[in-house]
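**Student:** structure of the sequence below:
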Amino acid sequence: GDVFVAVSNGQVQWRQPNGTLVQTLNTGLGGYTTGMAFDTANILYVTNFSNNSISKFDKFGNLIGTIGSGYSTPESIVFDNASNFYVGNLGNGIRKYDYNGTYLGTSFSGRVDFMDLQADQCTMLRDTEGSSIERHDVCTNTPLTAFATGIVGQAYALRILTSGDVLLADGSNIKRFNSAGVEVQSYDATGENSWFALNLDPDGQTFWSADFGTANVYRFNISTGAVVSSFNTGTGGSTVYGLAVQGEITVATQLFISLTPKTSINPINTQHCVTATVTDQNSVPQD
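**Tutor:** Okay, the predicted model is just below:
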């Protein structure tokens with residue numbers, strides 16, 4: 001999956017997995033771009049912390065425009081499996097919108113920096129750049145017990161693995177917690193002490209993280225902790241505040257494959273031609 005790196009001046013770098021720059025996307029709004037997410041049609045949604053906006057880019061990198069309104073310092077965005085999206089705001093909590101950007105309601109009104117939705121489609125993990133990962137039921141607007149507390153460092157970007165484990169960038173390193181909230185592994189690279197952005201790779205075996213102090217971006221093996229690859233954005237210190245990976249597997253996405261024809265119509269030992277179509281849970285074809 002290609003990697004999209006939110007950098008300063010309202011921009012996002014589109015890079016191949018080896019770090020080669022494809023193009024730079026520009027919201028035209030200036031300010032800090034932070035959390036990002038793809039919908040099932042491969043449209044990229046980019047939060048702008050400074051401009052109180054969310055911009056959209058099509059799969060070719062063309063700016064579509066902004067979507068939704070009423071944000072107050074938005075920092076993270078997450079889709080559910082019905083293509084609604086949740087926006088985490090420092091100023092007005094978790095706000096929910098439908099696919100067209102229509103505001104549906106606020107399920108938590110306090111500060112939210114980064115968040116991710118569990119597979120049950122109701123339990124949202126969230127943090128406030130503090131020492132804990134909290135939980136909130138966005139279906140019933142009910143506070144739940146904390147997922148993890150006493151975290152050394154500051155809780156920044158987090159992502160839920162399909163196994164139920166949770167990855168968290170906390171400045172000093174990246175931590176992996178099991179589904180019970182117990183820390184089981186940590187990841188780091190020499191000279192990096194400001195891990196902030198984080199996202200998953202579609203291979204299910206690696207993840208990406210970035211140090212905002214150095215603008216270095218790394219790909220780690222989840223099991224071994226080894227650095228698979230890395231690159232620098234060339235934008236200088238204190239510029240990288242978000243990552244997205246095209247084709248990322250999330251716990252809120254389901255994929256289905258259909259084959260046509262379903263049964264053989266040619267004689268045995270002759271060539272057959274079948275058509276395979278991959279769609280998501282909303283019947284949207286996947287490129």
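**Student:** for the stretch 51-200 of the chain, just list every one of the helices.
**Tutor:** Secondary structure of the stretch 51-200 of the chain by DSSP state H, counting those that start in this stretch: no helices are present.
**Student:** what lies in contact with stretch 179-186?
**Tutor:** Contact partners of stretch 179-186, identified using Cβ atoms under 8 Å, 6 or more residues apart in numbering, comprise 133, 146-148, 163-166, 173-178, 225. Every C-beta, even on glycine, is put in place using the N, C-alpha and C of the backbone.
**Student:** where does pLDDT dip in the stretch 101-250 of the chain?
**Tutor:** Low-confidence segments of the stretch 101-250 of the chain (pLDDT under 70): 250.
**Student:** tell me, how many residues neighbour F60?
**Tutor:** Burial of F60 is recorded as 7 neighbouring residues (other Cβ atoms under 10 Å).
**Student:** who does the closest residue to E192 other than its chain neighbours bridge with?
**Tutor:** Spatial nearest neighbour of E192, excluding adjacent residues (Cβ to Cβ, 6 or more residues apart in numbering): D211 at 4.2 Å. Counting by DSSP bridges, D211 forms beta bridges with W195, N216.
**Student:** I'd assumed L200 was in contact with I249.
**Tutor:** Yes: with contact defined as Cβ atoms under 8 Å, I249 counts as touching L200 (6.4 Å).
**Student:** looking at those two, which is more packed in?
**Tutor:** The residue with more neighbours, out of I249 and L200 and counting by other Cβ under 10 Å, is L200; that gives 26 against 15.
**Student:** tell me the SS of G28?
**Tutor:** Judged by DSSP: H, G, I helix; E, B strand; the rest coil, the three-state class of G28 is coil.
**Student:** and the pLDDT at it?
**Tutor:** According to the model's per-residue confidence, G28 sits at a pLDDT of 98.
**Student:** burial measure for it, as a count.
**Tutor:** 12.
**Student:** setting aside sequence neighbours, what's the nearest residue to it?
**Tutor:** The spatially closest residue to G28, leaving aside those adjacent along the chain, is G10, at 6.5 Å (Cβ to Cβ, 6+ apart).
**Student:** how near is that neighbour to E129?
**Tutor:** In this structure, G10 and E129 are separated by 22 Å, where distance is defined by Cβ to Cβ, to the nearest Å.
**Student:** go on, Y71?
**Tutor:** In this view, Y71 and E129 are 18 Å apart by Cβ to Cβ.
**Student:** who has more neighbours out of these two?
**Tutor:** Ranked by neighbour count (other Cβ under 10 Å), Y71 and E129 place Y71 first, with 24 against 16.
**Student:** quick check: the more buried one vs D137, distance?
**Tutor:** Separation of Y71 from D137 (Cβ to Cβ) stands at 22 Å.
**Student:** thanks a lot, see you next time.
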